[in-house]
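K.L.:
what follows is a predicted structure for the sequence shown.
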Amino acid sequence: MKPLFNKLKKDIYKLFIIILISFNKTFSQEINEVKSKNYYLTEVRGNVSLEVEISDLPTNKGSIYIMILDEKKNEIAASVSSNINDKKSKISFDSLAPGKYTIQFFHDENNNQKLDFNLIGIPKEKFGNSNNVRPVLGPPKHEKMLFDLLFDQNINIKPVN
């Protein structure tokens, strides 16, 4: 009876280890997945993909809010990404129509879903845009941020402040 009990005990122990490993693998996959939500704000679609990498962020905390606008300042797409690793975030958009676009983003470190400003109107949180245009006495000019998106493209943007 004792050998049977020991074998049963070992089998239960093995089963417990297998369950523990499978739970650990499931949870680790969820953590490593890209957690972003894209919103397309227009019915106009195309066959061009855009991957935006935002680098040189100050921390891994918070979320990235990103907006794509066309050359007429119409909002085309937006995304919220909570996946920041190694002070970088990658956000992909597909089904964009070829054309001229601008990208604007901010790093919402405190997750209050808005860009925070100090008393005199200077942003407290990091922000940036396509072509890495630096602001001069106000937001950058839309025309300076425009870039051509004619084929699948990868863009790297860094915060300007």
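P.N.:
Nice, I can see it.
K.L.:
how far does the longest strand along the chain sit from the chain's center?
P.N.:
In the chain, with assignment by DSSP state E, the single longest strand is strand 99-108. In terms of CA atoms, centre = their mean, to the nearest Å, the centre of strand 99-108 is found 12 Å from the chain centre.
K.L.:
helices or strands next to the helix or strand just after that strand in the packing?
P.N.:
For strand 99-108, the following helix or strand on the C-terminal side (DSSP states H and E) is strand 127-129. Counting contacts by 3 or more CB pairs under 8 Å, 6 or more residues apart in numbering; DSSP states H and E, strand 127-129 is packed against strand 99-108. To be clear about C-beta, it is placed using only N, CA and C from the backbone, and glycine gets the same treatment.
K.L.:
just the mean pLDDT for the strand it packs on, thanks.
P.N.:
Mean per-residue pLDDT for strand 99-108: 96.
K.L.:
how about stretch 129-138?
P.N.:
Mean predicted confidence for stretch 129-138 is 91.
K.L.:
repeat that for stretch 56-74.
P.N.:
Per-residue pLDDT over stretch 56-74 has a mean of 94.
K.L.:
with that, I have no additional questions.
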